[in-house]
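> How does the following fold in three dimensions:
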Amino acid sequence: IIILLLTAAWLATFSRVTSGVGGSSFLPPSPSPQLVCWSLASMIGLLALMVLGGYVSGTEAAFHCNAEWPLCNGTLLPQGNGAGIQVSHRLMAVVVGLVVLGFWLASLRERRSQRGVSQLASLLLLLFIIQVLLGAATQWTVLADWSRVVHLTAGALTWVTAILVVGLLVYRVAWFPSMS
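As a prediction, the model looks like this:
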């Protein structure tokens, strides 16, 4: 499903195939390729972050940071394989957070023409921030079961929100080409 969605987004964004319904004045204009790319980058980044988080959990690497956040064993870049895996998840979260922030800023520039997108992008950013705080709480509670479940659930909600916004943009690109 993800590969099909990415292929449809790529083709719709860069081929500009029209569907024959683009002449109606009530239809929204197509989103910019930059906005679509930011949304795709957010979705892919969140997926990669979730996979890496699963690896951290599966290897129990989070136990190597001694319930510390944002530091790990008193430093940003600790020694040791387990701690390194945990810190790589944190560093990737910083990169993905910047991508989600970039998507949110891009959505604000098109908020008048892309109704609903900026609201979903705002929700995505809010969920991501909550997810980061839940990740910190997971460390502070020494990986208590409840905190791990809440962290995973919030990650799933964040991922679903990213899929929804990409789906909305791909739909608009494919079926409502730019009216300019």
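> all strands in the protein, in order from the N-terminus.
Counting by DSSP state E, one finds no strands in the chain.
> where does it dip in pLDDT?
Low-confidence segments of the chain (pLDDT under 70): 1-28, 174-180.
> which helix of it spans the most residues?
In the chain, ranked by residue count with DSSP state H as the criterion, the top helix is helix 145-175.
> So which elements touch that helix?
helix 2-15, helix 33-59, helix 117-140 (3 or more CB pairs under 8 Å, 6 or more residues apart in numbering; DSSP states H and E). (C-beta placed from N, C-alpha, C; glycine too.)
> Tell me how many other residues crowd G102.
15 (other CB atoms under 10 Å).
> before we move on, what about the one 4 residues further on?
Residues near A106, counting by other CB under 10 Å, number 22.
> Equivalent analysis for N81, please.
N81 has 9 neighbours, counted by other CB under 10 Å.
> quick revisit: from the chain's centre, how far out does the longest helix of the chain sit?
In terms of CA atoms, centre = their mean, to the nearest Å, the centre of helix 145-175 is set 7 Å apart from its chain centre.
> tell me the angle of it relative to helix 117-140?
Using axes from the mean of the first three to the mean of the last three CA atoms, to 10 degrees, the direction of helix 145-175 lies 160 degrees away from that of helix 117-140.
> Show me what counts as buried in helix 145-175.
For helix 145-175, the neighbour count (16 or more other CB atoms under 10 Å) marks 147, 150-152, 154-155, 158-159, 161-163, 165-170, 172-175 as buried.
> quick one on the thing from earlier: can you list the helices and strands packed on helix 145-175 in a markdown table and add distance to V99?
Output for these, formatted as a markdown table (distance: least, CB to CB, whole Å):
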| stretch | distance to V99 |
| --- | --- |
| helix 2-15 | 16 |
| helix 33-59 | 5 |
| helix 117-140 | 10 |
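> Relative to G74, which of those helices is closest?
helix 117-140 (13.6 Å; CB to CB).
> who are the neighbours of the closest one, in terms of helices and strands?
helix 33-59, helix 81-109, helix 145-175.
> Which strands or helices does the shortest one pack on?
Applying 3+ CB pairs under 8 Å, 6+ apart, one finds that helix 33-59 contacts helix 2-15, helix 81-109, helix 117-140, helix 145-175.
> and the residue lying closest to P78 once chain neighbours are set aside, what are its bridge partners?
Nearest in space to P78, with sequence neighbours left out and distances taken as CB to CB, 6 or more residues apart in numbering, is C72 at 4.6 Å. On the basis of DSSP bridges, C72 takes part in beta bridges with T75.
> tell me the contacts of C72?
Residues in contact with C72 (CB atoms under 8 Å, 6 or more residues apart in numbering) are H64, C65, N66, P78, A83, Q86, V87, R90.
> count of neighbours near P33?
For P33, using other CB under 10 Å, the count is 13.
> and it, how far is that from E110?
11 Å (CB to CB, to the nearest Å).
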